[in-house]
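# with the input below, show me the fold.
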Amino acid sequence: MLRVLCPPAFAAHQLAKHLPRFQQRYPQIHLEIATPGPVSAADENFDVSILSIGQQPLQGDFVARPLACSSFIICAAPQYLARRGPPLQPQDLIGHEGLLPAVSAVRRELTLYRQTPLPGADTVNTVTLPLPPPVLSTTQIDLILAAALAGLGLAGLPTFVAEQALADGRLQRVLPDWRGVTLSLYAAMPTRKNVPARTRVFIDFLVETFGGNREDPWLASANALLGRSP
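As a prediction, this is how the structure comes out:
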């Protein structure tokens, strides 16, 4: 038995679809996955904790390996954009219905980043907008996704959540030159010298599956849909 702690949205939208390959490779390992909410540190009650960290550094006494990064992007259903029109610049967001993670609603502001490639280096531009109260704020990312799919408003979603809905056209990305904060994803385990084989092979599988670096593979896919370079 391998006990795994994972943020619910990542478990549902990414981890689950890769588990058949893991099970075929290691049929003797049985998984127990807990998804109570956000995970920012390794839990000693679990063999592996999948962490989702914002701009703060890792904190705690544990071993962590990077898996990937995921940026928040702005998306909306085609029916919402047909009714309200797409925002053409960040300032246009103020006149739209917003669907936001609860932390953004508390701050009453939104910071967006735009990376501009330059010879020899890239430059990052930022804009911070005061926001009126959103039409929906919640800690449940899947509720934001569901509301966006229903046409309720513009949603801020991690790329790993928006990936499939963008690919099949149920959502469209708006302001594609801009993104929100970036989450760093890690596979972590409590610090210990003797790592069970089941833990080691599962972490190796996660690194193999998601890249094991600080790139955003889902943003690259979203850019490809728009005919853009990663």
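# the longest strand in the chain is where?
The residue-count maximum for a strand in the chain (DSSP state E) belongs to strand 62-76.
# in its sheet, what does that one sit against?
strand 154-158 (antiparallel), strand 172-173 (antiparallel), strand 182-190 (antiparallel) (DSSP bridges).
# now the first one, how far from the chain's geometric center?
Its chain's average C-alpha position is 10 Å from that of strand 154-158, according to C-alpha atoms, centre = their mean, to the nearest Å.
# and if you look at the shortest one?
Computed by C-alpha atoms, centre = their mean, the separation of strand 172-173 from the middle of its chain amounts to 16 Å.
# what average pLDDT does the top helix by length along the chain get?
If you go by DSSP state H, the chain has its longest helix at helix 197-210. Helix 197-210 shows a mean pLDDT of 97.
# following element in sequence after the worst-scoring helix or strand of the chain on mean pLDDT, please.
In the chain, the helix or strand scored least confidently by mean pLDDT, DSSP states H and E is helix 102-107, which has a mean of 59. Next in sequence after helix 102-107, counting helices and strands by DSSP states H and E, comes strand 109-118.
# which residues outside that following strand are in contact with it?
90, 93, 100, 104, 122-131, 156, 175, 177-181 (C-beta atoms under 8 Å, 6 or more residues apart in numbering). C-beta here means a position set from N, CA and C on the backbone, and glycine is covered the same way.
# now do the longest strand of the chain and strand 109-118, the angle between them.
Put simply, strand 62-76 runs at 100 degrees to strand 109-118, going by axes from the mean of the first three to the mean of the last three C-alpha atoms, to 10 degrees.
# okay, buried residues for strand 62-76 please.
Residues of strand 62-76 classed as buried by neighbour count (16 or more other C-beta atoms under 10 Å): 62, 64, 66-76.
# same check on stretch 138-153?
141, 144-145, 147-149, 151-153.
# distance between that stretch and the chain's centre?
Distance, stretch centre to chain centre, for stretch 138-153: 14 Å (C-alpha atoms, centre = their mean).
# can you get me the start-to-end distance on that stretch?
14 Å (C-alpha to C-alpha, to the nearest Å).
# average pLDDT across it?
Mean predicted lDDT for stretch 138-153 stands at 96.
# neighbouring contacts of it?
Contacts of stretch 138-153 (C-beta under 8 Å, 6+ apart): 8-9, 12, 37-38, 75-77, 79-80, 83, 96-102, 134-136, 154-158, 161-162, 165, 170-171.
# only the buried subset of those residues, as a ChimeraX command please.
The following ChimeraX line selects those of the contacts of stretch 138-153 that are buried, judged by 16+ other C-beta under 10 Å:
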select :8,9,12,75,76,77,80,96,97,98,99,100,101,134,136,154,155,156,157,158,161,162,165,171
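# need the nearest residue in space to the residue positioned nearest the centre of the chain, chain neighbours excluded.
Geometric centre of the chain, nearest residue: Pro158, 3.4 Å, by C-alpha atoms, centre = their mean. In this structure, Pro158 finds its nearest non-sequential neighbour in Ser70, 4.5 Å apart by C-beta to C-beta, 6 or more residues apart in numbering.
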